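> Sequence first, predicted model second:
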Amino acid sequence: MSLGSVDDVLGGLDDVVDRAIADQDARGYFAVLYRKVTATVKEGIASGFFDDAERMERLDVLFAQRYFDAIAAQDRGDAPTDSWAVAFAAGRRWRPLVLQHLLVGINAHINLDLGIAAARCSPGAELAGLRRDFDRINAVLAAMVASLQRDLTRISPWLGLLDRVGGRSADHVVRFSIVTARAGAWRFATELVATPEEAWEAAIADRDRAVARIGDRVLRPGARISTALLLIRLREQGDLAANLRWLREAPGPSFDEITAAVTRPSLQP
């Protein structure tokens, strides 16, 4: 699938979600989130929210292309990147929570794909000029995830059990994950633009292996947390298609709420 615009990205994500509903495919959970984020990015491009609308659309397309390439590889029976292989393998298992499906998708797409897309979008010295819009697209993601977490309580009514067992709420875990992933993605982008392009393949492969290990830890935390996650999972709504429809239709934050979040320092872990 070759993408040329944000509208192409939105159409592709609609197809992924529709197929996930039809096939009871847990890959749809991340696709629902990604679709909401992309729709907001499109609104931001049109409204002047980003410093450079043309550059942001280019970044959005480069970023999304890696996701669709990973899905296409998986569907063909080929190997996607290790990071996406971890996320997609989780979709074939009963045990991961909806929250874990979201986190392993965020891990693969932000920790690996975003840095690569940023380096390709703004190579060399151009990268520094991307920083503010880079942070803004991550603020959109954080605001959308916060909204989606509220919707998750309908699907995972025992999600609050994480507070008692792990000492951190699900909200804190997600915010921490996004902040650390954002920082890591930017560092990786700066490393790539300083690396000769013939060495990129090896650098990306090294990064991919490290990000895949993070995904494994998200899915297989320590025994104490794993027991709590099992209890939460037993109480989750089991109709995957119904869950996807609910999450797709649930309204997200308004654009004004998202733009306000950009100026708040509340994304600190």
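Okay, I see it.
> State the distance from residue 84 to residue 114.
Per CB to CB, to the nearest Å, residue 84 is found 13 Å from residue 114. For the C-beta atoms, the positions are set from N, CA and C on the backbone; glycine is no exception.
> How much space separates residue 20 from residue 2?
22 Å.
> Also residue 240?
Using CB to CB, residue 240 is found at 29 Å from residue 2.
> ok, those two, which is more surrounded?
Between residue 240 and residue 2, counting by other CB atoms under 10 Å, residue 240 is the more crowded of the two (20 against 8).
> Which residue is the nearest non-sequential neighbour of that one?
With sequence-adjacent residues excluded and distances taken as CB to CB, 6 or more residues apart in numbering, residue 240 is closest to residue 24, at 4.7 Å.
> lowest average confidence, helix or strand, in the protein?
helix 161-166 (a mean of 71; mean pLDDT, DSSP states H and E).
> Residue 74 contacts residue 87, correct?
No: the pair residue 74 and residue 87 does not pass the contact test of CB atoms under 8 Å, sitting 9.6 Å apart.
> Let me know the pLDDT of residue 167.
pLDDT recorded at residue 167 is 50.
> go on, residue 252?
As predicted, residue 252 sits at a pLDDT of 78.
> Could the C-alpha coordinates of stretch 112-128 be exported in CSV?
C-alpha atoms of stretch 112-128 as CSV (Å, rounded to 0.1, in the frame of the first residue of the first chain):
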residue,chain,number,x,y,z
LEU,A,112,11.1,2.6,16.3
ASP,A,113,9.1,4.0,13.4
LEU,A,114,8.8,7.7,14.5
GLY,A,115,12.5,8.3,14.8
ILE,A,116,13.1,6.8,11.3
ALA,A,117,10.3,8.8,9.8
ALA,A,118,11.5,12.0,11.4
ALA,A,119,15.1,11.4,10.1
ARG,A,120,13.8,10.8,6.6
CYS,A,121,11.4,13.7,6.6
SER,A,122,14.0,16.2,7.8
PRO,A,123,17.5,14.9,7.1
GLY,A,124,20.7,16.4,8.4
ALA,A,125,20.6,19.9,9.8
GLU,A,126,16.8,20.1,8.9
LEU,A,127,15.9,17.9,11.8
ALA,A,128,16.3,20.6,14.5
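> ok, and for the one helix or strand residue 224 maps to, which residues are buried?
Using DSSP states H and E, residue 224 sits in helix 223-235. Residues of helix 223-235 classed as buried by neighbour count (16 or more other CB atoms under 10 Å): 228, 229, 232, 233.
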